[in-house]
Structure formats: structure tokens, C-alpha cells
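Asks: Got a sequence here, can you build the structure:
(one chain, ligands or ions: 1)
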Amino acid sequence: PYDVLIVGGGPAGAAAAVYAARKGIRTGVAAERFGGQVNDTLAIENYISVLETDGPKFAAALEAHTRAYDVDIMNLQRADKLIPASEPGGLVGVQLANGATLQSKTVILSTGARWRNVNVPGEAEYKNKGVAYCPHCDGPLFKGKRVSVIGGGNSGVEAAIDLAGIVAHVTLIEFADQLKADAVLVNKLKSLPNVVVHTNAQTTEITGADGKVNGLRYKDRATGEEHLVALEGVFVQIGLVPNTEWLKGTVELSKFGEVIVDAHGRTNLPGVFAAGDCTTVPFKQIVIAAGDGSKAALSAFDHLIRMPVV
Ligand code: FAD
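Replies: The predicted structure follows:
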């Protein structure tokens, strides 16, 4: 069995693996796609000490750093089920889609999350070419330009307020007949001079030319009228979905499906820790996931040294 088995090989999982391996304990990582979300990222400009890099380069560096240690990397392996220890101090099982079950004294869950897509023509085509999902990451790329935010919940309204301070103009599009964000955020949004809000508005297309976004088409759901907004960027803010479907019924999840962790990265199950975007950690960012992964590995090590000697 492993001392530490990490499920997920994004920034959180890679950091956990390096920290665990440096303790000289038996460490494994099972990941569906090593690197995680950063594989789908173009420019990364907010990983501290790295002025600028890109996603594939960053993912390769994560893997190289992990491979520099004695870590079993099981890439292209999807975990289907977590099997909690049957007795205190017992082994935790992780069942893979290929049928095998891995056993470990401790497990770190770091399966990340994915942005919900609006699924309209142009979204996939112009991803990273004007279509963005993370205002903290990509907001500055649109400095002085016009953007739209799709989604009027807390994350959409927060994004619109954030972006309004950087870009020239923000058009917020909400499908429902009113914004669902907290009143304090809605009031703040309405006080901003360079924001326009359209409710009851259904996005129908993200348009572009020459490989770049140039507009957003929406339908007024009350009148059926179609409108075209000229702009350079679209931020889709209709939800971040944690990759935790496989954990339902075992580890405790929040109402959003995030693994509930304490300040040490512990879950409700003894010996099971979690880190990064799949957890309740606030703000989903690479630098936060990496810090979180190292924290979970140190917590797992702390758990191991306290296990009774048998
Ligand atoms: P992830 O990166 O999501 O990694 C999850 C890992 O778990 C992957 O290896 C995945 O294959 C694996 N996995 C999932 N389910 C299973 C399963 N059942 N079994 C086994 N393995 C599984 N953040 C920034 O800080 N700066 C940026 O510029 C930035 N830009 C971004 C741009 C885009 C387009 C996107 C999508 C995200 C961006 N982010 C950025 C966010 C950042 O990528 C995430 O916060 C970060 O990758 C989270 O790391 P993680 O390790 O928690 O999860």
C-alpha cells in the first residue's frame, strides 16, 4: 500500500506529491490528465515569481518537478470510487475505472473543477481568443476594451464589478428576469457608470472574425428581439463545477459539491485529505491550489506519524 495516494494531478496534486515524496514516504498519484486545467490555459501571469508562462509549459514543469522524486505517476487513470477505511487506522481504497483498487494509509483528493459552458455557437471556437472564464486570470488582458459577463449570480456580478475597474465597458447578461447575486453586490454594480445590465436575456451566439471575438448576440426573452453587442471579450460566469461526482455518498460535500475541508485540509473521513479547486477553499487559482496541495501533504504526513505502531 501507499503511505500517501493522491487522486488528481493538477497544481494541487503535483504539489502534494512533491511534499509527500520529500518526506521519504511511499507516494502515488493517479490522474486522469496530469497537469489538470492548466493544460487548457494560454497565458499565466499570476503565479508568483514567474512573470509569464503558458499552460502547456506550466503543466510540463509540474510533471517534471514531480518526476524528479520517487513518485508513482499513474496518468490517464480515472478514479471511480473512494472506499473509506473499514476500521480506525485501516487502509483507504481508491477504485479506478480500469477495475483496479489502490490501497493507501492516507489519500489526498485533488480532482479539481471545470467551468460550466454556455454551449452557444462561438464559445468553443473562441475559447482563449476572447472567451474567458476567470476574471482574476484574464481580466488584465482586456484592459481598455469592451467585455460582456454572462451570468448574474454572485460570481457573475463580482466579475462584472472587478472587470469594470479594468476594462472600458461591461455588459452583463442574465437569463432570468432578475440578478441572483446578493443585494450588496447588485447595488455596487448598479452604481458603476460603465456597466449595463440586461436581464431576461438569452445569449445565442458569440461572434468573431479573424480568430478573435467581436460580439455577443442575445435574445430579449420578453419581446423575442435579437440584439448584437460589439465587444472584444466574453467572460462566462455560470458556475464552476467540482469534479467530485465520484465521491458522492462517501466524503462530506458542500451544497455546491465541493469537498468540505478544515484549515489543515482534513475531510470528515480519517486519513482522507483534500486540496485545491475540488474543495471549499475560497478562490480557485493555481497558486492557491499549489499551496493547498502542499498543506494537505504535510497534514497527511502528520497523520501518518501519529498512527499507532503495529
Ligand atoms: P485541476 O487543475 O482541475 O486538476 C485536477 C486533476 O484531477 C487533473 O489531473 C484531472 O485530470 C484529475 N481528475 C479529475 N477527476 C478525476 C478522477 N475522477 N480520477 C482521477 N483524476 C481526476 N489560475 C491561475 O491562477 N491563473 C491563471 O491564469 C488561470 N487561468 C485559467 C484559465 C483557464 C482556461 C482555466 C480553465 C483555469 C484557469 N485558472 C487559472 C485556474 C487554475 O487552472 C485552477 O485553479 C487550478 O488548475 C486548480 O488546480 P487543482 O489541482 O485543484 O485542479
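Asks: List the residues that contact residue 79.
Replies: 7, 30, 94-97, 111, 246 (Cβ atoms under 8 Å, 6 or more residues apart in numbering). No exception for glycine: its C-beta is placed from N, CA and C like everyone else's.
Asks: The ligand contacts on the stretch 51-200 of the chain?
Replies: Applying Cβ under 6 Å from any ligand atom, one finds that the stretch 51-200 of the chain approaches the ligand through 78-79, 110-113, 115, 133-134, 137.
Asks: looking at these, which has the most residues close by?
Replies: Using other Cβ atoms under 10 Å as the neighbour test, these are led by residue 110, with 34 neighbours.
Asks: quick one: pLDDT of that one?
Replies: Note for residue 110: predicted pLDDT of 98.
Asks: Run a quick check on it versus residue 4, I expect a contact.
Replies: No: with contact defined as Cβ atoms under 8 Å, residue 110 does not count as touching residue 4 (11.4 Å).
Asks: Determine which two of the contacts of residue 79 are furthest apart.
Replies: Greatest spatial distance among the contacts of residue 79 (Cβ to Cβ): 95 and 111, at 14.0 Å.
Asks: For the top helix by length along the chain, buried residues please.
Replies: Assignment by DSSP state H gives helix 286-305 as the longest helix of the chain. Residues 286, 288-301, 303-304 are the ones in helix 286-305 that count as buried (16 or more other Cβ atoms under 10 Å).
Asks: what's around residue 239, how many residues?
Replies: Count around residue 239 with other Cβ under 10 Å applied: 15.
Asks: Then residue 184?
Replies: By other Cβ under 10 Å, neighbour count at residue 184 equals 9.
Asks: Repeat that for the one 10 residues further on.
Replies: Residue 194: 13 surrounding residues under other Cβ under 10 Å.
Asks: Quickly note the distance from it to the ligand.
Replies: 24 Å (Cβ to the nearest ligand atom, to the nearest Å).
Asks: Dihedrals phi and psi, the residue lying closest to that residue once chain neighbours are set aside?
Replies: Closest residue to residue 194 in three dimensions, ignoring its sequence neighbours and counting by Cβ to Cβ, 6 or more residues apart in numbering: residue 169, at 5.0 Å. Per-residue torsions, residue 169: phi -150, psi 140 (degrees, to the nearest 10).
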